[in-house]
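J.: Below are the sequence and a predicted model for it; my questions follow.
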Amino acid sequence: MHVVELEGVGVRVVGKTLLDAVDWQVAYGDHWVVLGPNGAGKTTLLSLAAAVRHPTVGAVTVLGHRLGRVDLRELRRHIGLVSSDQALVDEDLMEEEGATAQTVVLTGHTGTSAPLWDRYGEAERERALRLLADLGCKDLADRRFAVCSQGERARIRVARALMGDPAVLLLDEPFAGLDLPAREDLITAVENLAETRPVLTTVTVTHHLEEVPSTTTHALLLREGRVLAAGPVTDVLTPGHLSECFGLPLHVDRLHGRWYARSVR
Ligand SMILES: Nc1ncnc2c1ncn2[C@@H]1O[C@H](COP(=O)(O)OP(=O)(O)OP(=O)(O)O)[C@@H](O)[C@H]1O
């Protein structure tokens, strides 16, 4: 059984095809990166894997359940999603209420924007602290989320997504808007997660090859709603595929497991 399986999937809205003829299989323990230029359909693909939307045609199966035949809310309890696009959490409310980082992580247990205090016992509080520590931000537990930096918030959001002990963690542009140290911290945290949680499957969407964690096992390249290449990361992240994907000739280097791209001059 796969964590995510797409067969002949298309997503259409009035007058526009967002995804077309997509086949994709994510196995347990895989770490995928989805790359492509603006508007390629990456977020749309992730929203299918997150059981947030249905395909127009084709079959999407997540954790063994075919979308369309299952209660999406129940399925989503097993999926950790971090996405600025699909704001599942009302972060403004958390800021207004003065929620601490630990409280924000705790709300991941109930999947709510507001804390449901009677549902959190000592075990949940400890788990929230441990997750903050796993993400390298143990010291933030008592800090108000409202005053946390973008980089700190990004790590707190990942800790929150892990609170429900999901089988799969989906990260939609988790590095967007982060400065270099914050980006590198979060990449390290994601790499550590892959090493310390071998059964956790991850899918990370990004525009930038430089953001691909070294623990990535597979890559999928999207262009104009179609899959250009998908498979083991070293087969897919080649200069040829990446140049075609982004529409300009690229040099691609790999150093200590990380990837770098620059245009051919
Ligand atoms: N409901 C909609 N109606 C019309 N067009 C849409 C709709 N939703 C998305 N699109 C368009 O579909 C395309 C794919 O969108 P998607 O957000 O999946 O791309 P993306 O690869 O995540 O892009 P980006 O990197 O810019 O975030 C975009 O051109 C977007 O404008």
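T.: Done, it's in.
J.: Contact residues of this protein facing the ligand?
T.: Counting by CB under 6 Å from any ligand atom, the chain comes close to the ligand at 13, 16, 18, 36, 38-44, 207. (Each C-beta comes from the backbone N, C-alpha and C, glycine too.)
J.: got the residue ranges for the strands in this structure?
T.: All strands of the chain, identified by DSSP state E, fall at 4-13, 16-26, 31-35, 57-62, 65-66, 79-83, 168-172, 201-206, 218-223, 226-232, 250-255, 258-263.
J.: What is the fourth one packed up against?
T.: Helices and strands touching strand 57-62, as assessed by 3 or more CB pairs under 8 Å, 6 or more residues apart in numbering; DSSP states H and E, comprise strand 4-13, helix 42-49.
J.: Tell me what angle it forms with helix 42-49.
T.: With axes from the mean of the first three to the mean of the last three CA atoms, to 10 degrees applied, the angle from strand 57-62 to helix 42-49 works out at 70 degrees.
J.: Strand 57-62: which residues count as buried?
T.: 58, 60-62 (16 or more other CB atoms under 10 Å).
J.: Next: the second one.
T.: Buried residues in strand 16-26, defined by neighbour count with 16+ other CB under 10 Å: 18-20, 22, 24, 26.
J.: That one pairs with which strands?
T.: Using DSSP bridges, the strands paired with strand 16-26 are strand 4-13 (antiparallel).
J.: now do the fifth one
T.: In the sheet containing strand 65-66, the strands it pairs with under DSSP bridges are strand 57-62 (antiparallel).
J.: Can I get the partner strand in CSV? Just the C-alpha atoms.
T.: Extracted C-alpha coordinates of strand 57-62, given in CSV (Å, rounded to 0.1, in the frame of the first residue of the first chain):
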residue,chain,number,x,y,z
VAL,A,57,-10.9,12.9,-13.1
GLY,A,58,-8.8,10.0,-12.0
ALA,A,59,-8.3,8.3,-8.7
VAL,A,60,-6.6,9.7,-5.6
THR,A,61,-5.9,7.2,-2.7
VAL,A,62,-4.4,8.5,0.5
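J.: Numbering from 864 from now on, please.
T.: In the new numbering, first residue 864, that becomes strand 920-925.
J.: Show me what that strand is in contact with.
T.: Applying CB atoms under 8 Å, 6 or more residues apart in numbering, the contact partners of strand 920-925 are 865-873, 875, 885, 911-912, 914, 917, 929-930, 938, 942, 1031.
J.: what angle do it and strand 1031-1035 make?
T.: Per the same axes, to 10 degrees, the angle that strand 920-925 makes with strand 1031-1035 is 120 degrees.
J.: Would you map the helices across the stretch 964-1113 of the chain?
T.: Counting by DSSP state H, counting those that start in this stretch, one finds helices in the stretch 964-1113 of the chain at the ranges 964-973, 985-997, 1013-1025, 1043-1059, 1096-1099, 1102-1109.
J.: Could you pull up the mean pLDDT of the first one?
T.: Yep, that's helix 964-973 we're talking about. For helix 964-973, mean pLDDT rounds to 90.
J.: And it, what does it pack against?
T.: Applying 3+ CB pairs under 8 Å, 6+ apart, we find helix 964-973 packed against helix 954-959, helix 985-997, helix 1013-1025.
J.: again with the fifth one
T.: Judged by 3+ CB pairs under 8 Å, 6+ apart, the packing partners of helix 1096-1099 are strand 1081-1086, strand 1089-1095.
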